[in-house]
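> task: produce atomic coordinates for the following.
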Amino acid sequence: MKGVSIQRQWSKGLGVLLCLLLSRVALAEPAALDARLSDYAYPYLVQTLPVSDQQQRLEMAYMDVTPENANGETVLLLHGKNFSGAYWKTTMEALLEQGYRVVVPDQIGFGKSSKPAHFQYSFQVLADQTRRLLDTLKVDSATVVGHSMGGMLATRFALMFPQRSDALVLVNPIGLEDWRPVVPWQSVDAWYEGELKKTPEKVKAYMTASYFDGQWKDDYAPLLTLQQGWIRGPDYPRIAWNSALAYDMIYSQPVVQDFPRLAVPALLIIGTRDRTALGRNRAPESERAQLGRYDQLGKKAAQRIPDATLVELEGIGHVPQYEAFDAYRDALLGFLKDHQS
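Numbering: from 1, shown residues only. Have a look, this model is predicted:
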């Protein structure tokens, strides 16, 4: 009987140990990542383009994939601020399946591209660097797709290089409103201090609440892995500094007033639940609820753009390509088919 008791105790202890080990695995933290994402896999081959700007030699990372059944059309995908080119994976797959060549850059300061210590960010500079990438790849023109901050960049690109822009697709872009009359200005140093205060837990809480209406799914984990890995990594001060510089660009350089000058067909894919608004917490409390009302902003933007098609995704948030991929894909591919040259 004594031997049986010891065996039971041993089995019970082993069970507790296994539970502890499994819980640790379940709560495993994303690996620390360096500034250039050396250990972070992208879905396709990443190449780099040397870029000389502002007395610096920099590198722009990019993916350029041409399918075997190429239809002669190219789609340029521009990422948002809290993202990198890697999150376009499923969009790339859908486009490649339909024969589109796909070019996906990481802008300077983002993803696997250089993170300069000093850089004057502007959408014009980023658009021109993207134009240089297309020159190098011998891409005469492309449909320009931008999500979040990438929507502001895509708009500026289409305004600067209309002859290189076959069409424009804006996926829950920020910048559908000008925050400056409501949100007080703050210095780059203040933005930087705020970035340094971020923690992995705060990043997940922000994404869960702001992007996905409080409903987190494992499918969203790749978005989190990147940001949390940088925070845990050795180069986070440099990441935070570039992020602060980018925030200043986004705040200071609105594009909404230039919508009437767009000379290319445009598609707006808008998740109406989105409430993303830069600096909402600094706005007067009486104004905060009216910021980031994508259920209203999409309609207003479509009215201001001369040749615009609006597709609203009811109940969807800031990242439709993750939260409602099928509806997003159908809208994108349908528009591309209608505007093939």
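> how about stretch 166-186, which residues are buried there?
166-177, 179, 182-183, 186 (16 or more other C-beta atoms under 10 Å). Using the backbone N, CA and C atoms, a C-beta is placed for each residue, glycine as well.
> helix, strand, or coil at the most centrally placed residue in the chain?
Taking C-alpha atoms, centre = their mean, the centroid of the chain lies closest to Gly80, which sits 2.6 Å from it. Put simply, Gly80 is coil when judged by DSSP: H, G, I helix; E, B strand; the rest coil.
> quick one: it and Met149 touch, right?
Yes: Gly80 lies in contact with Met149 (C-beta atoms under 8 Å); the separation is 4.7 Å.
> mutual contacts of those two, please.
Taking C-beta atoms under 8 Å, 6 or more residues apart in numbering as the contact rule, Gly80 and Met149 both touch Ile174.
> count of neighbours near the nearest residue to Arg232 once chain neighbours are set aside?
Closest residue to Arg232 apart from its sequence neighbours, by C-beta to C-beta, 6 or more residues apart in numbering: Ala32 at 4.1 Å. Counted by other C-beta atoms under 10 Å, the residues lying close to Ala32 total 15.
> how close does the residue nearest to the centre of the chain get to Gln98?
To Gln98, Gly80 is 23 Å away according to C-beta to C-beta, to the nearest Å.
> poorly predicted segments of the stretch 1-150 of the chain, please.
Applying pLDDT under 70 to the stretch 1-150 of the chain picks out residues 1-28.
> ranges for the helices of it?
With DSSP state H, counting those that start in this stretch as the criterion, the stretch 1-150 of the chain has helices at 2-26, 89-97, 123-136, 149-160.
> quick one: residues in contact with the shortest one.
Meaning helix 89-97. Here helix 89-97 makes contact (C-beta under 8 Å, 6+ apart) with 43-44, 63, 65, 67, 75, 77, 102, 104, 145, 321, 325, 329, 332-333, 336.
> quick one: that helix to chain centroid distance?
16 Å (C-alpha atoms, centre = their mean, to the nearest Å).
> over to stretch 95-113?
On the basis of C-alpha atoms, centre = their mean, stretch 95-113 sits 12 Å off its chain's mean C-alpha point.
> what residues sit buried inside that stretch?
Buried, per 16+ other C-beta under 10 Å, within stretch 95-113: 95-96, 98, 100-113.
> and if you look at stretch 223-242?
223-231, 233, 236, 238-242.
> show the end-to-end separation of that stretch, please.
19 Å (C-alpha to C-alpha, to the nearest Å).
> any idea how far that stretch is from the chain center?
How far stretch 223-242 lies from its chain's middle: 15 Å, per C-alpha atoms, centre = their mean.
> now that stretch: mean pLDDT?
Mean pLDDT, stretch 223-242: 97.
> name the residues that touch that stretch?
29-35, 37, 40, 82-84, 86-87, 109-110, 115-117, 119, 192, 195-196, 198-200, 203-204, 207, 211, 319, 322.
> for PyMOL, what selects the buried ones among the residues you listed?
Buried subset of these, written as a PyMOL selection, criterion 16+ other C-beta under 10 Å:
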select buried, resi 30+33+34+35+37+40+82+83+84+86+87+109+110+115+116+119+192+195+198+200+203+204+207+211+319+322
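> can you give me every residue that contacts the closest residue to Gly151 other than its chain neighbours?
Once flanking residues are discounted, Gly151 sits nearest to Pro173: 2.2 Å by C-beta to C-beta, 6+ apart. With contact set as C-beta under 8 Å, 6+ apart, Pro173 has these partners: 146-152, 154-155, 268.
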